[in-house]
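Q: attaching a predicted model along with its sequence, questions to come.
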Amino acid sequence: MTVGQSVNRKEGRDKVTGAAKYVDDYHFQDIWYGKTVRSTVAHAQITGIEFLAGFDWSTVVLADYRDITSRNIVALIYDDQPLLAESLVRHVYEPILLIAAPTKELAELAAKHVHITYKKLPAVLTIEDSLSAEQKIFGDDNVFKSYTVTRGNVEDAFQSAEVVVEETYHVGHQEQLYIETNGIIATAKSDGTILIQGSMQCPYYVHRAIKELFGLPDEKVVVVQNVTGGGFGGKEEFPSVVAGHAALLAKKCGHPVKIVYERGEDFVASTKRHPAVIRHRTGLTRDGRLIAAEIDLTFDGGAYCTLSPVVLSRGVIHALGPYKCPNIRVTGKVVATNTPPNGAFRGFGVPQACFASEMHMENISRKLDISPVELRRKNMLHQGDYTLTGQQLTYSVGTQQVLDAVLERSDYLARRSHKQPELSNKRYGIGLSFYYHGGGFTGSGEEKIKGQAAVELTAEGTVRILTASTEIGQGTRTIFSQIVAQELGLRPEDVEFEENDTSKVPDSGPTVASRTCMVVGRVVQMAAASLKEEMAKRIASLAQCQASEIQFEGRHLLWQKDGEIISVSFAEAAERCMSRTGFLKTTAQYSSPPGIKWDDVTYSGDAYPVYAYAADVVEVEVDMDTFEVKILKVTTATDVGKAINPTLAEGQIEGGTVQALGYGLFEEVAWKDGKILNNRLTNYIIPTSLDIPDMETVLIENPYPYGPYGAKGIGELPMDGGAPALVAAIADAVGAVVTEIPATPERIMEAMEKLAVEA
Amino acid sequence: MNKVYSPKELSEAFQILNSYQPLKIVAGGTDLMVGYNSGMPVPDQLLNLWKLDELRHIDEYPSLLKIGALCTYTQLIKDERVRKYAPTLVDAAKTIGAMQIQNRGTLGGNIVNASPAGDCLPVLAAFDAVIEIGSVRGLRQVPFTDFYTGYRQTVLAEDEMVTNILLPKQKTEESAKFYKVGTRAAQAISKVMMSVRASIDAQKCVKEIAIAVGSVAPTVIRTRLTEMAIRGLIIDESLIATARKEMMEEVRPITDIRSNEHYRRTVSGNLIAKFLRENYLA
Amino acid sequence: MAIKIVVNGQDLEVSVSPMKRLLDVLRQDCYLTGTKEGCGEGECGACSVLVDGEVINSCLVPVCQVEGSEIVTVEGLAENGKLVPVQEAFIKYGAAQCGICIPGMLMAAQALLDSKELSKQTPTRYEIREAIAGNLCRCTGYMKIVDAIEAAALSTLEKK
């Protein structure tokens, strides 16, 4: 049994010896370096580009939008974003001009000699400004996309509510902050093929974007993923921009072109998590039962649409949290502003929604004087219940288990009543969050993608997996090799991978949406099952037995003949299977579990095939002199379906939880006139090892019948619940509820001052 | 290509400073290199102090420690004499960056970089350290509290460099504290820092007190009005309240990307209150 | 300018600008790309290497300051392909995810394991956290890294 074991990471040795090659570690003899010249204003007409004297312009190659041979777009949903600005810039840092030079220094120097003049236009910089639509920057109302989901009769239900609780919550931008910045090398071959390699989550997204730019057929664009130093959504759609720039320069200068962003540039140029304003109005019975809810979410999309409609959609669907409410209306819109476009980031709309919904539960519990635990128990979803979109939960509903487990493991009830001596001027607090996250694409997304993967026998008699799902640290290669090894009676080390190259691997769909293990892992499992079946068939015909009699075990194929057990090594069997055809490869394609129904018009039905559930308990100590928060302990319990590799699953949960704690405590982008003031690691604050205590991570296995061995998607889930649990703990400590994150000492102090004034 | 002078003798360094201006001095490089990496032009001529082992000594005298300008934070943290006679300097050094920076950054560099957020500086101010400055013209001593003439401005002439720091020992009867309120638990730049040194007798009377605050004014400051308001008085609730109020009035913080004026002012007041409260309870 | 350095036990002479960052000298002139750049300002620690046994950020050190020094990079940890305990532990405990911070993280960990204070006892988890506080990791939440260093310290001590 290899599934369920914490086998070592497939590429672990390369990563601890420095052998793993990331894009910046590649060097070609004749390589040139690309540099991007960006807008310095938020909204303006470009009136001129001057190339200043004092620089020898013959030493570099320039490219602008006119060099794009087909469509000047970053191909995604609306195709509204140009790869390079033409006459208008819509946000600071928007790319306008590209420079390629034989050295990085020369490219930098050239960029300093470009002077762009603008005629400024009024800029829309906040959600409030955008909603007022005084300045129209997208359509008639500045709204990229809106949704409304309704269940029951909301107005009547509010009439009968005994208590109504209303509050507005604010969250800001968050930067993914992968430690490896974005980087691409592009090569334009003499036959017109464009070759892209680099750091990315979704090679086929880049593939499509490059095809659109140059009007090329599939086979003329080849995209290869290099070892990637973290993504977290930040390398979902954004690498298409970097790749487009590098490709354009490579075509023009005739050299391979490398663009690797410095941290400061990566920070300002790349997408971030959408800021949001979320209003909750909830009607309850006196004893804390939810009977009516109105939730309104407004996301700031930035200057271009990118993936915003899909991010918002997920936020809307998760707006209530894993609770029952018979009468509810959720409205959501994502608006345009003249700020850099926001995009995918682990959690994808849910961390915003979850912070608001779980802090609202905290506020309700205070207002009704009901314990946070009791409030959750009264309203949580159970098997058989219906979600906001009318989806009946029929399997793998671990709500009660995760709540029970986190309470028990953290000793929540005892610790909540525990009070610190007042002398120390430090206050102890404990907070709870309870949440869920849908696995895979929303609604009919997976049906549209139809992700594929293949498995083939190698000449050495082992197995090779062909998939476009990328390894970005989350363990794709390790768990896929475990799944295939399990199916075929092999060891994970007997399974290898085809290079993640669009000319070699099928499109498995993007490496996003917590879908890699649950969806693509299932496809990989199906492909391995077909390979097994085909091998059994071929061996059976040679051995003159029934295919069904052949067992795959311990790297051997076994069957009985005349009462005797016959055994052939897998390698030998593989050789025999390929003796006539020379190869054996099986491909599988995803199909939704039976009975899944989704209506895109009414936004109702089965939003996701399954949800993963979790609960967090965070304990803090707040210094009442400085309002600094020290996190004392974090306990999480997660219903993962099945942990294919427990160590890797824990790693996902711990890492995601720490990103969530950073979101709740520190991480904030500071703006002035559409410019980012803190684009450095010294002033954009992420947690260090000393900011984070030891964590207890409880895995609960509540199998999902259509996942590989029962596994559900958990990549994003741990990003959702950390911030509200933390802020609830702060509230428990100081008595004031902070409704805007990050809950910095400054905000905690202000919340306490406000409370004191009200009292 | 840049010219880097790397003398092994102090006298040689003084000669270079005298002969080859303009010249930028680089010690541990932990501040300077950040600037160069982010696009600041590297000057044509530099004086690399790293090989001047003469400036790595820590010497003990009856009432003070003489600390070479090139001593790294790690050296300060590990040195038994510094731990014994200047524990607040150790506390301050421990809050700087993390291991990598502590192994490379120097006390002299912290002083000369002249940031109002320099972590060791409040301690030097509270302890009335004296800065020894050298050049071909000889050595001179300047009280630390006179070393800065404005935001990022010092008394150093072009041909001068900091050679040693003379730091009065903390006396056994003295109580001292260093507080840093930063952006996170490690690798943090301060929002407010305070170093307090006081003599408090058995009756809880504050015989003597020195308070220095960082990150709340263009330079590290001594809050002398607050000191005066406390000096000679017995700690009680009323004195704590007075000290808090005086401090909040005396500091001159600003709002920037790390924090805001109101928070910095409030926390400055709270920190002096905390110091007095803890000594009252002690 | 010709500068002599010892990298992973090998005597080298590089001809570069004296203010060139040690990080760039290692990556470009010594062809040792294991050492990474994450921020270029001494915050993330991905470029950590050992200089005369001390862990430093190689993005903040001009090469002229390490003339004659012994430098150890991640490539110099294993001997003849035999991993040192901390590398083994990082694999076993799942301490590496995307891996980009790992070369620097390992050097900080190795500096801790090499330190004299720890010749008699293993470091506490807090001391381990202090030792790697200059190495930012965005994937793991540090838990498995601390576990790995703790285990490596124990096995190192047992061997001593």
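A: Structure received. Numbers count the residues shown, from 1 in each chain, chains lettered A, B, ... in the order given.
Q: can you get me a residue count around residue 45?
A: Went with chain A since none was named. Using other CB atoms under 10 Å in any protein chain shown, residue A:45 has 13 neighbouring residues. All C-beta spots, glycine's among them, are computed from the backbone N, C-alpha and C.
Q: not what I meant, chain B
A: Neighbours around residue B:45, by other CB under 10 Å: 14.
Q: show me which residues of chain C sit near chain B.
A: Chain C comes close to chain B at residues C:1, C:17-19, C:21, C:40-43, C:45, C:48, C:54-57, C:59-62, C:64-65, C:67, C:108, C:111, C:130-135, as judged by CB under 8 Å from any CB of the partner chain.
Q: and with 7 Å instead?
A: Within chain C, the residues that sit near chain B (CB under 7 Å from any CB of the partner chain) are C:1, C:17-19, C:40-43, C:45, C:48, C:54-57, C:59-62, C:64-65, C:108, C:131, C:133-134.
Q: domain parsing for the chain?
A: You didn't say which chain, so I picked chain A. Structural domains of chain A, as assigned by automatic domain parsing, span the residue ranges A:29-121+A:176-269, A:276-443+A:600-758, A:451-589.
Q: not what I meant, chain C
A: Taken from automatic domain parsing, chain C resolves into C:2-76, C:85-159.
Q: TSV please, covering the ones you listed and showing mean neighbour count and mean pLDDT.
A: Output for the domains of chain C, formatted as TSV (neighbours: other CB atoms under 10 Å in any protein chain shown; pLDDT from 0 to 100):
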stretch	mean neighbour count	mean pLDDT
domain C:2-76	22	97
domain C:85-159	23	95
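Q: looking at those, spot the one closest to residue A:513.
A: Among the domains of chain C, the nearest to residue A:513 by CB to CB is domain C:85-159 (18.3 Å).
Q: anything in that closest one near chain A?
A: Yes - contact between domain C:85-159 and chain A, assessed by CB under 7 Å from any CB, occurs at C:87, C:90-92, C:94, C:96-103, C:106, C:125, C:129-130, C:132-133, C:136, C:138-144.
Q: once you drop chain neighbours, what's closest to the spatially most central residue of chain C?
A: By CA atoms, centre = their mean, chain C has its centre lying nearest to residue C:107, at 1.9 Å. Leaving aside its sequence neighbours, residue C:107 sits nearest to residue C:48 (CB to CB, 6 or more residues apart in numbering or on different chains; 4.4 Å).
Q: how far away is that neighbour from chain A?
A: As judged by CB to the nearest CB, to the nearest Å, residue C:48 and chain A stand 12 Å apart.
Q: output the longest helix belonging to the chain.
A: Because you didn't say which chain, this covers chain A. Assignment by DSSP state H gives helix A:521-543 as the longest helix of chain A.
Q: try again with chain C
A: Max-length helix for chain C by DSSP H is helix C:143-159.
Q: contacts only, for the residue in chain C that chain A sits nearest to.
A: Closest residue of chain C to chain A, CB to the nearest CB: residue C:34 (2.1 Å). By CB atoms under 7 Å, 6 or more residues apart in numbering or on different chains, the residues touching residue C:34 are A:18, C:73-75, C:103.
Q: out of these, which are inside helices?
A: Using DSSP H, these in helices are residue C:103.
Q: quick check, nearest of the contacts of residue C:34 to residue B:95?
A: Of all the contacts of residue C:34, residue B:95 sits closest to residue C:103, with 26.4 Å by CB to CB.
Q: for residue B:37, give its distance to chain A.
A: Look at residue B:37 and chain A: by CB to the nearest CB, they are 8 Å apart.
Q: now that residue: phi and psi?
A: In this entry, residue B:37 is assigned phi and psi values of phi -70, psi -30 (degrees, to the nearest 10).
Q: quickly list what residue A:150 is bridged to.
A: Note on residue A:150: beta-bridge partners residue A:329, judged by DSSP bridges.
Q: neighbours of it, just the number please.
A: 16.
Q: ok, it touching residue A:329?
A: Yes - contact criterion CB atoms under 7 Å: residue A:150 and residue A:329 qualify, at 4.6 Å.
Q: if we can go back for a sec, list the ones among the residues of chain C next to chain B that fall in helices.
A: C:108, C:131.
Q: re the thing from before, okay if I get the domains of chain A as a markdown table plus mean pLDDT?
A: As requested, the domains of chain A are exported to a markdown table (pLDDT from 0 to 100):
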| stretch | mean pLDDT |
| --- | --- |
| domain A:29-121+A:176-269 | 98 |
| domain A:276-443+A:600-758 | 97 |
| domain A:451-589 | 96 |
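Q: looking at those, which is buried most?
A: By mean neighbour count, with neighbours taken as mean count of other CB atoms under 10 Å in any protein chain shown, domain A:276-443+A:600-758 ranks first of the domains of chain A at a mean of 23.
Q: tell me where the stretch 401-550 of chain A has helices.
A: Using DSSP state H, counting those that start in this stretch, the helices of the stretch 401-550 of chain A run over residues A:412-417, A:445-449, A:476-488, A:521-543.
Q: fine by me, thanks again.
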